[in-house]
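Asks: Quick one: sequence and predicted model below, then my questions.
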Amino acid sequence: MFGTDGADVRQRAFTGDLPPTSRIDRVLAEVHARYRGLDDGEVADYIPVLAEADPSWFALSLIDASGGAHEVGDVDIAFSIQSISKAFVFALVCEARSHEFVHERIGVNNTGLPFNSVMAIELNHGKPMNSMVNAGAIATTALMRGDTPAEKWESIRTGLSRFAGRHLELDGQVYRSEIETNQRNRPSRGCWRATGGSSPTPWTPSTSTRGSAPCPSPPMTSPSWERHWPTAG
């Protein structure tokens, strides 16, 4: 659909100054109006609680280079960030340990297998290969500085909060739904240890996987990003 649907949209490129705020807001509103009625596909149900989401929810949020927020639609509805957290946790661990440290222990290569593959760990002699697959995300979380699981968790939670620009917390309902159906990530952890990986963070409520990511998937609403883009450092 998206490959041909823009044929009637005027194409513009900016090579100097960014477009004015009024134009950004107008374009977002036009895009939102154009696609808000799209109802293809199904709501994710691999985690039971996610199936409760209203498929009509639709929002767009854009942060410009100066930190200004442009939003339209259902921007105040909180949602768990799921695997999006992998990229941010990777950044936090690189900040805490150095990217060389993470590269040596995790890697940055494609496994060529599904994101939740257990076999990929064995085929690569215990190395998860990258932080964006489940095994690598679990291992990356385990590398966060902290003497206890609670300290590691708090470092991640506060780091994600700095990215969001507001206080984030664990979504208990999503956590319980995921821990009850999270069968593949546990073997990944065991396989990693069995093939020589250092002991990952224990599976406790404060450090458990949240869907595809081994860190919390906190409810995030668009106001968390407004006005200024916070950094992790």
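Replies: Done, it's in. Numbering: from 1, shown residues only.

Asks: which element is the closest residue in space to Met132 that isn't next to it in sequence on?
Replies: Nearest non-adjacent residue to Met132, counting by CB to CB, 6 or more residues apart in numbering: Lys86, 5.3 Å away. From N, CA and C alone the C-beta is placed, and that goes for glycine too. Using DSSP states H and E, Lys86 sits within helix 84-97.

Asks: That helix: how far from the chain's middle?
Replies: 10 Å (CA atoms, centre = their mean, to the nearest Å).

Asks: in that helix, what's buried?
Replies: For helix 84-97, a neighbour-count test (16 or more other CB atoms under 10 Å) marks Ser85, Lys86, Phe88, Val89, Phe90, Ala91, Leu92, Val93, Cys94, Ala96, Arg97 as buried.

Asks: Just the strands from this structure, written as ranges.
Replies: 59-63, 69-73, 79-80, 219-220 (DSSP state E).

Asks: quick revisit: please tell me I have it right and the residue nearest to Met132 contacts Ile138.
Replies: No - between Lys86 and Ile138 there is no contact under CB atoms under 8 Å: 10.0 Å.

Asks: Skipping adjacent residues, who's closest to Ala87 in space?
Replies: Per CB to CB, 6+ apart, closest to Ala87 is Met132, 7.2 Å.

Asks: Near that neighbour, how many residues? Count them for me, please.
Replies: 20 (other CB atoms under 10 Å).

Asks: thinking it is in contact with Phe115, fair?
Replies: Yes - the criterion here is CB under 8 Å, and Met132 meets it with Phe115 at 7.4 Å.

Asks: Find residues that contact each of those two.
Replies: Ser83 (CB atoms under 8 Å, 6 or more residues apart in numbering).

Asks: Distance check, the residue nearest to Leu143 when sequence neighbours are not counted against Glu104.
Replies: Leaving aside its sequence neighbours, Leu143 sits nearest to Val93 (CB to CB, 6+ apart; 5.1 Å). Per CB to CB, to the nearest Å, Val93 is found 12 Å from Glu104.

Asks: Over to Pro19?
Replies: 43 Å.

Asks: Asp76 too?
Replies: Here Asp76 is placed at a distance of 42 Å from Glu104 (CB to CB).

Asks: do Ala33 as well
Replies: Going from Ala33 to Glu104 by CB to CB gives 49 Å.

Asks: coming back round to it: make CSV out of the strands of the chain and add mean pLDDT and mean neighbour count.
Replies: As requested, these are exported to CSV (pLDDT from 0 to 100; neighbours: other CB atoms under 10 Å):
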stretch, mean pLDDT, mean neighbour count
strand 59-63, 92, 17
strand 69-73, 94, 18
strand 79-80, 85, 22
strand 219-220, 37, 18
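
Asks: which residues of this protein fall in helices?
Replies: 21-35, 84-97, 99-105, 119-123, 134-142, 149-164, 172-181, 185-194 (DSSP state H).

Asks: what's the closest of these to Val72?
Replies: Closest of the helices of the chain to Val72 is helix 21-35, at 4.6 Å (criterion: CB to CB).

Asks: Before I go, just wanted to say thanks for your time.
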